[in-house]
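Trainee: pasted the sequence and its predicted model underneath.
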Amino acid sequence: MTTLTINDISVTVPEGGTVLAAAKAAGVNIPTLCYLEGLDAIGACRVCVVEVEGAKSLVASCSMPATEGMKVHTNTPRVRKARRTVVELLLSEHDGDCQTCERNEDCELQEIASDLGITGVTYSGERTAAGIDASTAALVRNNSKCIKCRRCVTVCNQIQTVGALFPQARGFKTVIGPAFASTLDSVTCVQCGQCAAVCPVGAIVEQSHIQRTWDALDDKNKTVVVQTAPAVRAALGECFGYAPGTLVTGKMVSALRRLGFGTVFDTNFTADLTIIEEGTELLMRLKKALVDKQPVALPQFTSCSPGWINYMEHFHPDMLATLSTCKSPQQMFGALAKTYWAQKVGKKPEDIFVVSIMPCTAKKFESQRPEMNASGMQDVDAVLTTRELARMIKQAGIDFTSLPDDAFDKVMGVSSGAADIFANTGGVMEAALRTAYEIVTGRPLPFEDLHVVPIAGLEGVKEAALTITGTVEDWRFLENVTLKVAVAHGLGNAQKVIDRIKSGEASYHFVEVMTCPGGCIGGGGQPRLTSNAVRKERIKAIYKEDESKKLRKSHDNPKIKQVYGEFLTIPLGKKSHHLLHTSYTPKERV
Amino acid sequence: MKNKIALVDDDVDFLDATKNLLEAKGYAVVTATSGEEGYQKAKAEAPSLMLLDVMMGHDSEGFDIARKLSEDPATKNIPVIMLTGIRKAMKLPFSFEPDQDWLPVKAVLEKPIKPDELLKRIKEVIG
């Protein structure tokens, strides 16, 4: 342990920590613009400078190790002046159209400028040239707002190992962006939006689908139906002042109705359907391998996360057969809404407009993939992030906090707790095991509360092995088979799993990958800024939602039985194949 | 007067065996080998109960006929018991149950049918 003083407050912290962390432990807030918890210090913004007794110059607290006996001062005239100067210089370059910026009142630069008491423009000079890059379906970059903090570079390279963004040139001419300062669509970007989730300003944001949603809601000839992803209900409240981890499912449904959505459904319904289809697919692959002794692609990787699909198509085109052919719950929903539900309510697919509320930016891209038109037209018409939904609620003058609770509409709004946990890392695997184990043995998963503890939590790669005994007749070939599974979140961690599989170091039957750290609850479209503490609270909320439900397993959902009985007939059948399954395309890595 | 039961299944052997069983227990039986024929006989003969298979001409034919019966004022009061092997045949990860929204039947029994169980259920429905 190391003992030091911060502003004369004595604090003892674990060895190897930074002055910034020690200050936090002492209850002293040091402003930062580039710091990201849990990652190598970037040290680019210099806003976190402090004075250390004995040191000649000011030091950046995010990268300065805390040492024994150190005396740190964070609030001296010298520190205050330096911080002000740093921020004033940033403002001199920054395209500060705050009133019309998407990040207005949600901007870290704005907040710091206010905290530091900056009330006027001290330096006026050359500004970074405006350059809006809206070349991709999910993201919009605006270099004139970029403050070169390099947070996006860090997440894109260290966490996601995609490497689409990096700093080029030096000094005032520095540009953060794709290679050769080209557009994002010219390089391999998986559109996960983790860059947009950590950007402190408005330099990277999602492609807005708000206007097209208002247009559809205002169109008398359109039947507008909305689906909400499980992760949204555990985070939307943060946009209205609730603490992270506050479940706002009922208020969210109320808000959607007041916005004018005639039918409010739940992506959870098709999450349950995914489990039936993907679980059956896994069991069929295992049968092919163990009974028919035919070559089969194992492990089966989950396919719900569109950033991960992009990653596989670009980085591992040789492994596409391992991906489950199941569409994501979002796309299964769109396909069913415009066929099954359309028939039920006597509408044509072209009269129905499907809006998704997603914690994700890559879902915008996914909805526009050319093959996602099983209904004969684009199955999902607009995708709003959690942040965009909050903006629409504010635009409509809805007082979110005073809303009563409301419930989803029937049929495609009914779901089990297994669908809720699709929101977090380990959840899809647990949901699949709850169903697959019961199919094979006729008994429920033998764990307390049905939770598979080894694959829960925020460790990057998690593994579990489950030996199957007491199988029922149809699945006797799985008797005494040890089912090996792995779970990874964040593409860098997924890459580690692939490396281990390719080197022969590990082998699995089933692997869950979620693109974003923590899973969808930490998605690129969630309220900013998502720290690990926030992730943990949102995950806790999701498990609470799961445990509060009478239905805990996808195969118990009566509405899933209904959709098979009325329409699909059987898992992996002809209709399922057409509406619920897809194929993947090998792509180049640039 | 004997209680009349309509028995609808495309499996002729099953039809014969079940007919014999029911007649031995004192029921009158009318049979049909397709959903549509079963529906027409239900209208013409007004049975006290229908025993209905699921997978006939198409895989969910029985489900469709059950809904059609419940929507037609002439047949909506005829109780239905489904007799089906669909779960096993299709390796479904769940079994179907009566559902007020889409499967308006009194019970779903899985094949192979145990005679005692069938007779017990029939008694529960029509006495």
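Mentor: Okay, I see it.
Trainee: just the strands from chain B, written as ranges.
Mentor: For chain B, strands defined by DSSP state E occupy the ranges B:4-8, B:28-32, B:49-52, B:80-84, B:107-110.
Trainee: repeat for the stretch 101-250 of chain A
Mentor: Taking DSSP state E, counting those that start in this stretch, the strands of the stretch 101-250 of chain A run over residues A:132-133, A:139-142, A:166-168, A:175-177, A:204-206, A:223-228.
Trainee: right, so of those, which gets closest to chain B?
Mentor: strand A:223-228 (18.0 Å; Cβ to the nearest Cβ). All C-beta spots, glycine's among them, are computed from the backbone N, C-alpha and C.
Trainee: direction included, what does the closest one pair up with?
Mentor: strand A:263-266 (parallel), strand A:352-358 (parallel) (DSSP bridges).
Trainee: up against chain A, what does chain B have?
Mentor: Applying Cβ under 8 Å from any Cβ of the partner chain, we find that chain B lies next to chain A at B:59-60, B:63, B:88, B:90-94, B:96-97, B:99, B:101-103.
Trainee: ok, the closest residue to A:Val155 other than its chain neighbours - how many residues close by?
Mentor: Counting by Cβ to Cβ, 6 or more residues apart in numbering or on different chains, A:Val155 lies nearest to A:Gln194, which is 4.5 Å off, once chain neighbours are set aside. By the criterion of other Cβ atoms under 10 Å in any protein chain shown, A:Gln194 has 30 neighbours.
Trainee: you'd agree A:Gln194 is up against A:Gly524?
Mentor: Yes: A:Gln194 lies in contact with A:Gly524 (Cβ atoms under 8 Å); the separation is 5.3 Å.
Trainee: intersection of neighbour lists for these two?
Mentor: Taking Cβ atoms under 8 Å, 6 or more residues apart in numbering or on different chains as the contact rule, A:Gln194 and A:Gly524 both touch A:Cys516.
Trainee: show me what the lowest-mean-pLDDT helix or strand in chain B is packed up against.
Mentor: Ranked by mean pLDDT, DSSP states H and E, the weakest helix or strand in chain B is helix B:86-89, scoring a mean of 84. Packed against helix B:86-89, as judged by 3 or more Cβ pairs under 8 Å, 6 or more residues apart in numbering or on different chains; DSSP states H and E, are no other helices or strands.
Trainee: would you mark the buried spots in it?
Mentor: B:Ile86, B:Arg87 (16 or more other Cβ atoms under 10 Å in any protein chain shown).
Trainee: sorry, back to before: using CSV, lay out the strands of the stretch 101-250 of chain A together with mean pLDDT.
Mentor: Output for the strands of the stretch 101-250 of chain A, formatted as CSV (pLDDT from 0 to 100):
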stretch, mean pLDDT
strand A:132-133, 94
strand A:139-142, 96
strand A:166-168, 92
strand A:175-177, 92
strand A:204-206, 97
strand A:223-228, 98
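Trainee: with mean neighbour count as extra columns, can I get those in a markdown table?
Mentor: Compiled in a markdown table, the strands of the stretch 101-250 of chain A are given as follows (neighbours: other Cβ atoms under 10 Å in any protein chain shown):
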| stretch | mean neighbour count |
| --- | --- |
| strand A:132-133 | 15 |
| strand A:139-142 | 23 |
| strand A:166-168 | 14 |
| strand A:175-177 | 22 |
| strand A:204-206 | 26 |
| strand A:223-228 | 25 |
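Trainee: can you say which of these is nearest to B:Arg121?
Mentor: strand A:223-228 (39.2 Å; Cβ to Cβ).
Trainee: okay, domains of chain A per the record?
Mentor: As assigned by automatic domain parsing, chain A contains the domains A:2-75, A:89-206, A:270-329+A:417-580.
Trainee: let's have the ones you listed in TSV, adding distance to B:Pro79.
Mentor: Formatted as TSV, the domains of chain A follow (distance: least, Cβ to Cβ, whole Å):
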stretch	distance to B:Pro79
domain A:2-75	63
domain A:89-206	54
domain A:270-329+A:417-580	19
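Trainee: most tightly surrounded among those?
Mentor: domain A:270-329+A:417-580 (a mean of 21; mean count of other Cβ atoms under 10 Å in any protein chain shown).
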